[in-house]
Structures are given as structure tokens and as C-alpha cells.
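> quick one: sequence plus predicted model below, questions after.
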Amino acid sequence: MSRQHRTRLGRALNLFGPFIGLLLVIALFALIPEVQGRFLRAANFKSVATQSVIVALGALGMTLVIIGGGIDLSAASNIALASVITAYAVNAGAAPLVAILLGVLTGGLVGLVNGGLVTRLRLVPFIVTMGMMGIARGAAKWIAGNQKIDAPMTWVNDLMAKSPRPSWLLLAPGVWIVILFAVAMAVLLKYTVFGRHIFAVGSNEATARLCGIQTNRVKILVYAVSGLFCGLSGVMEFSRLTVGDPTVAVGLELDIIAAVVIGGGSLSGGEGSILGTMVGVLIMSFLRNGCTMMGWPNYIQEIIIGAIIIIAVAIDRLRHRSE
Amino acid sequence: MKEVAAAPPVLRMTGVSKSFGATKALDDVSFVLGRGEVHALIGENGAGKSTMMKVLSGAIAPDAGRMEIDGRPYAPSGPGDGLRCGVSMIYQELNLAPHLTVEENIMLGREAQTLGWLDRKAMRRRVLESLELVRHPEISPEVPVGRLSVGAKQLVEIARALTNRSRILVMDEPTSSLTQEDSQRLFEIIRGLKDQDVSIIYISHFLEEIQRVADSYTVLRDGRSVGSGTMEGTALEDIIQLMVGQKFTQLFPKVAHTIGGPVLSLDRLKGTRMAAPVTLSLSKGEILGVAGLIGSGRTEMLRSLFGLDAVEGGAIIVSGAELAGRRPWTRIRHGLGLLSEDRQGEGLAPALSLADNMTLSDLSPYRRRGLLSPTRQRRAVAVLIGQLKIKAKGPGQKVGDLSGGNQQKVALARLLHQKASVLLLDEPTRGIDVVSKSQIYEWIGGLARDGKAVLFVSSYLPELLGICDRIAVFHRGVLVESRPTSEWDAAGLMAAATVGRASREKPTGQRNAE
């Protein structure tokens, strides 16, 4: 009986653990009188949601990669490359939808190459994607001629508008896109054979191979999906900035990875959830938002977020030990 | 005994050969497996058993020879193909994904699906069906496999094979990490499978166990099939002779040694993971066996003694002085040396060389002004390699490339190198071949002759009875009994380990069968 009790408690913790962190962060700022009023406003929550879109999209793909036992360090460079490509296409007169597709597919292509190199050359994902981090960043700068690409305003730029049109949308279209894909990825992980195989590969690749799973195919697909999400994230980056900037999002891959890890993802594979990741993204966004309102300098934010990552993982380990 | 000869063979392998470079791993091997037959495949490590099973599973293609299943040609293109043809492998190293549940593991790679969507109800039905056969208190479909005990994991693997409707099951050392209780359960399951006409190829180093479960046997040596027959009426000595050819003389070599004064005593030692305090003493030149079921507290005692687990109470006295330090390195300084039961995970660094592995616990002889001298390190190691008859290319070879027996010798060589005077050996012969075992017994005898003290933990009773001076028995964390070996027999040890008290009668004439 006590055993069953414990597993139920464990499961509850698994499910709600990240939420507790999120509520703590929100409660922290809600209790500070100087910012309370501004922080707790609906408009602020909306803007936090919009600010989360770029990291959230990257983190959706990263969750799959990390569950599958891999890592994608090229995510941020890939986002910059996709934003440059999108801007380039809009600037060249392509229809907005075509430009978006081009941006997304560029990201997907980079992911596909990552997956191909990891599986065919049997290289460690860390190395492959670290190399790709430089290649994608360089390619973005090259295509952009080492400067920002200006592009005429189109409806693409409305995707990240804080006050959306039509107004019944309530949230920026980008936020709805994140929610849509988050649900889709959660369903994919839980209810499809592909999702199950991702967990299997990350948990014990040798076993997966032995059970007749085409592990290489699973890995290539995972990196390709991650690339597609980076592409979409790049489109949002362009939408937000209205220009294609090859130097944008430097170091963002670490925020993305941090979001997955705060949300319960294990860097050794086999563990992680979309819900957790999304909460991880929000924890970091609210922290940034609150710190800015407090007028705390950037370095304080960096220290706090660094500490949060370590604390989150430490709590995760404690939870595992108690099971 | 079942009439296996009358039924058409489920599997026939004819003239199968396979070479890796210059070495012939399999040389013209033929093999016949009957319906519902349990066929033991016996041989030393490196005799070709695993190559043969890899050929059977489709993991590697043979250079020559034919295979037939039910009289139809069988030439699998890969493990997936082998599975589809009804051949399932249950490997020695467990092949389960720890984060997935029992159900997810059982259905892995064969998920019931419609267009990529999981059909959970259908899967649950099939899983429950196969779990029906392998009932175990820990196992239910939703438990993550990582939380199960080793024995339960093994049963999950068997359930996986059953779900696959396999007709040929290969079990590679299935009991090597099982408790007595789980082994019994496994034997019952095997009997159940036989009744369902499932054929089993059973690989094990435990010959008594083979005698119990197998109908027939085939012995491989140096890639050749050197003998086969029915188990009934075959003496174990004959099988051992077949396994080792001419080189084998005696499994338990007798090395004369004299027991001196006490060197180690535990006075009500209690570690954090020990169920009860243990009082024990060990003398110079003595080999003290420690019997007990897996999980009975033997390993926990060694770990506390060696400083790997924290000590809560009691004292450890070495050569008359109580140990003050708490960490393994202080224990090593006092002459203690531990051989871990987990060779791969803890005992050795598989990616490092023999030289590094053997000298890791004491690098001081090779250090000058803060720098290591690899030349002198290798020279010293080369001597140890010769002493322990380790088959390796040289001190620079990676330990991970060696066979199990040779890896174990490397781990033992480390204790020798650090000049340990009290050796704590935890299952030193687990999963290694007979010849290496025999060499290790001889080596342990030699240590006692040189005045060292040996604490020898083992689940394999014949070896305890064969080489120890005294045997202590653990039962549920408590040291229940300690007697000279001459007052023990296998039944008495088993009774003490399983029931917690030993019968007081003197054992009958023969000391141990093997």
C-alpha cells in the first residue's frame, strides 16, 4: 500500500513539480509591493507569453532531441539563419507564406544534416551540432552580407504583435502557434509509435536496436523535427525584429536547453515532457520580466537563472532518489 | 524424459562456419534442436557460443553452412528478421529501457498501431496474456522497468519473448544475477514453456543447473562442436572434460597454507545499509567464505568495511588497531583491498588500459616530481600479466576488449599491485569460464599461503566448499552461522542461507559433488 502511495506521490510530483517552481516565481514578484501592480496585470502576462515564443518553439524540438538522448547546440544559430532566409525571401518579393515556408524548411534542412551526420558518421551529437552551430551562424552572416536585411512590413510581422488583430485572438498568433504545436508534440510523444521509439532510443539505444527499431531513422527524424521548430522560431524572430539579423539569438541554445532541463528533461536521455519544458520556458520568462521590472541589472538575472537551473536539476535528482 | 527424437527438429544448423580475420570463431558446427526441448549450450568463454547465437539471431551472417527452421531454409537478414521467424534472445546483460514501463518494454518495436497511433487496449491485452506466465510480485504493466529488481527484469525480458510468440528462446546465463528464489521461478517457467512446445537453448556456466533443466547438451570448444548427447546419464565430469580438452586437471586446486594470528576483526560493525551489526574475525593466511542469497547483506558488509558506505556503529580492527578513517583511500592504506561484484560498472574502467586499471589504486611507484612514468608503469604491469596468465596483447590494451575472465584477473591484479594484505572479494568468479575460475582459485590459495587474509563472498556454493577454510552465512542481513568448512555441506549452507539457521547434524561423507 505504502509503495503504491509513494508512486502516486511521485507521479503527482512529476506532473506538478515544475508548476510549483513557476508558481513560486510568480508569487515572489506578486508579493513585492513595488512591482506587484504592474506584474500581476493581464497585459504583462500577455507580453511574457509573447516573449516566450522564440525559446518555446526551439524548446519543443529540443525536448524531443534530449528525450532521444541527444543535444542540439546549433539551435540558436539555426534560428538566426532561418530568420535571415525569411527576411531575404520577403525582401526579394516572395509571398509571405512562401517566405515563412522557406525559413522553416531551412531550419529543417539544417536539422536533417545534423541527424545525418550523427547517424551516418557515428559522431557524438555534441560535436556535430557544435560544428553546425558555427556553420549555420556563418552561413547566415554570409547570406546577409554581414549586416541586417531590411524587409518591407507584411502580415508576417503581425505574428508577434502584442495586441493581436483581430482582437478576439487575445494572444499574439505566435503564442497560439506555440500552444498548438505543444499539444501536437505532447500527443506525438505519448500516443504514437514514433514518440515511444524516441523514449526507447534515449533510454537504451542498444535495446531499441535489438527490438528491431530503426534507431538511425528515429534520430534523423528527431533532429529534423528540431530543425523545423528552429526554422519556425527563426520566422518568429524575424516577425519580432522586422529585419533579418544574422547576429541575433547568440547563446539562446543554452536558454532552450535550460528550459527542457528545468522541465524535467534528462541530458542522458529517456526523460522529459513537453508540459515540463513549457513550464521551464515560462519560469525563465517570468524571472526575466520580474527582474526587469524591479530594475535589477542584467547580471543579477543571469545569476538568478543560473542558480534556478542548478536548483531545478538538484530537486529532480532528489525526487528520483526518493522513488 | 520427453521424446524429442521422434518430432521433426525445430532448428537444424549444418556445417556453420564463421571467421573473424584469422581466427575461426565457428568451425563446421552442426546443431539440432527438438520441439519443446531444453538444449544446453556449454563451453568456455570464447568457445564460440555467442558467435553461434549471433548467427542464429541474424546479428551476423555465417561464412558457410545452412540453417533450417521446421525444415524450411532460414537465412535471417538481421535481428529483426530473426525475431519475425520466432527466434528470441534473452541476453546476459539485460536489454531493457529503464525509463519505459513493463508494458512499453514488452511491446517495444512491435507496438500495436493504426497508422502510427498506439493501440493501448490491444497492447495491454497482449501484455497481460504474457505476464500470466511469468507471475512476479513486482511486475505490473505500468511500473517503470528501472525500478524492478534484476530478477524481475529478466522475467520481463522473457515476457517480451513470449509476446513475440517465439518458438526458439535463447537464454544466455539467465540465472547469473538471480536470487535462488527467482531462479526457481525461472525453472518453473521453463517447464511451462516446454509444455507449450517452445524450444530453449540454454547457456550457463552453472553445470548443476544445466543438469536440472536441460534435456540435452552440446559442448563447444575452440569454435568446434566437440560433443553432444542427452543430459540423462551424462556425468558432469565428462562435460567438464569436453569443455576444457586436455588442459584441465582440477577445478579446486589445493594450495597448502597455514592460518596465523587474527588480522581483521569487525566488532559489531553496522553500516548505513546493513540490516544488523556484524561481528567477525579473519586471520592471516585464512580464506573465509561468505555465503548467502543475493541481497542478504554480504555486499553491504563489504562496502561498509571498505568505506564505500558510511559506518554507523561498531569498530573495524586491523592488526590490533582500530581504523579511524572513513574513506576507501584510508582503508587501502591499512592494507584492505576490495574486488567489486560489478566488474563493468564499478570494478574496472573499461576504456582505460590494463596498465592504468591495475595501477590506479597505487600510482606512487611511478611518480617522480609529480610526473608519471608510463614506461615503468608498463614494465611492472607486464610482470603481473604474466603472473596471472592474463590473455592480452599487452599493458596498453583496453580492458574493455578482454573476455570476462581476463577482465576479472585485471581487477584482481590491482589488489595484488596495491599489496593488499586483507582481500575482500565479492563474487570474484561470477560469469567467467571454468579455466579462469580454476586459475583464480589457485591464486587465492597462493595468497593465503603468502600469509594474506581473504574474505570470499560467493553465491556459488561448490567453490566456497572447495577452497575456503571457514564459511560464514548471511540471512536477511544477519550473520547467522560461521563454521569450519569441514562442518558444512551444500545442503546445510543452503538451509542456513534460506531459512536462517543451520541444521546441527554433521554432513554426510562427500564434501562437494563437483
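That came through, no problem.

> so who does B:Y74 touch?
B:L11, B:M67, B:E68, B:C85 (C-beta atoms under 8 Å, 6 or more residues apart in numbering or on different chains). Backbone N, C-alpha and C define where each C-beta goes, glycine included.

> now neighbour count and distance to A:I20 too, for the residues you listed, in CSV please.
Output for the contacts of B:Y74, formatted as CSV (neighbours: other C-beta atoms under 10 Å in any protein chain shown; distance: C-beta to C-beta, whole Å):
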residue, neighbour count, distance to A:I20
B:L11, 23, 57
B:M67, 21, 58
B:E68, 17, 61
B:C85, 19, 51
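
> for the residue in the stretch 301-450 of chain B that chain A sits nearest to, give me phi and psi.
With C-beta to the nearest C-beta, the shortest gap between the stretch 301-450 of chain B and chain A falls at B:Q344, namely 13.4 Å. Backbone torsions of B:Q344, given as degrees, to the nearest 10, read phi -70, psi -40.

> and it, what does it touch?
B:Q344 touches B:P350, counting by C-beta under 8 Å, 6+ apart.

> which one of the contacts of B:Y74 is nearest chain A?
B:C85 (12.2 Å).

> hmm, the closest one is touching B:A75, no?
No - B:C85 is not in contact with B:A75 according to C-beta atoms under 8 Å; the separation is 9.7 Å.

> for B:A275, which three-state class applies?
Classification of B:A275 using DSSP: H, G, I helix; E, B strand; the rest coil returns coil.

> distance of it from chain A?
According to C-beta to the nearest C-beta, to the nearest Å, B:A275 stands 19 Å off from chain A.

> leaving aside the residues adjacent along the chain, what's closest to that residue?
Spatially, and ignoring its direct neighbours in sequence, B:A275 is nearest to B:G477 (2.5 Å; C-beta to C-beta, 6 or more residues apart in numbering or on different chains).

> so residue 52 is in which element?
Reading this off chain A. helix A:42-67 (DSSP states H and E).

> hmm, I had chain B in mind actually
Going by DSSP H and E, B:M52 is in helix B:49-57.

> give the other helices and strands that that helix contacts.
strand B:11-20, strand B:23-33, strand B:38-42, helix B:79-84, strand B:87-90, strand B:168-172, strand B:199-203 (3 or more C-beta pairs under 8 Å, 6 or more residues apart in numbering or on different chains; DSSP states H and E).

> try 6 Å this time
strand B:23-33 (3 or more C-beta pairs under 6 Å, 6 or more residues apart in numbering or on different chains; DSSP states H and E).

> can you give me how far the strand it packs on is from the chain middle?
24 Å (C-alpha atoms, centre = their mean, to the nearest Å).

> would you map the strands across chain A?
Here chain A has its strands, by DSSP state E, at A:149-150, A:243-244.

> out of the ones you listed, which one sits most buried?
Using mean count of other C-beta atoms under 10 Å in any protein chain shown, the stretch among the strands of chain A with the largest mean neighbour count is strand A:243-244, at a mean of 24.

> dump the residue contacts of B:L282.
B:L264, B:L288, B:A453 (C-beta atoms under 6 Å, 6 or more residues apart in numbering or on different chains).

> change it to 7 Å
The contact partners of B:L282, taken as C-beta atoms under 7 Å, 6 or more residues apart in numbering or on different chains, are B:P262, B:V263, B:L264, B:L288, B:V422, B:A453, B:L455.

> I'd assumed it was in a strand, is it?
Yes - counting by three-state DSSP, B:L282 falls inside a strand.

> give me the pLDDT value at it.
You'll see B:L282 listed with a pLDDT of 95.

> from the contacts of B:L282, which single one is nearest chain A?
Looking across the contacts of B:L282 and measuring by C-beta to the nearest C-beta, the closest to chain A is B:L455, at 29.7 Å.

> could you give the number of residues near A:V156?
Other residues near A:V156 come to 22 when the count uses other C-beta atoms under 10 Å in any protein chain shown.

> and it, what does it touch?
Contacts of A:V156 by C-beta under 7 Å, 6+ apart are A:V90, A:P96, A:A99, A:I100, A:F238, A:S239.

> that one and A:S239: what is the separation?
Distance, A:V156 to A:S239, using C-beta to C-beta, to the nearest Å: 5 Å.
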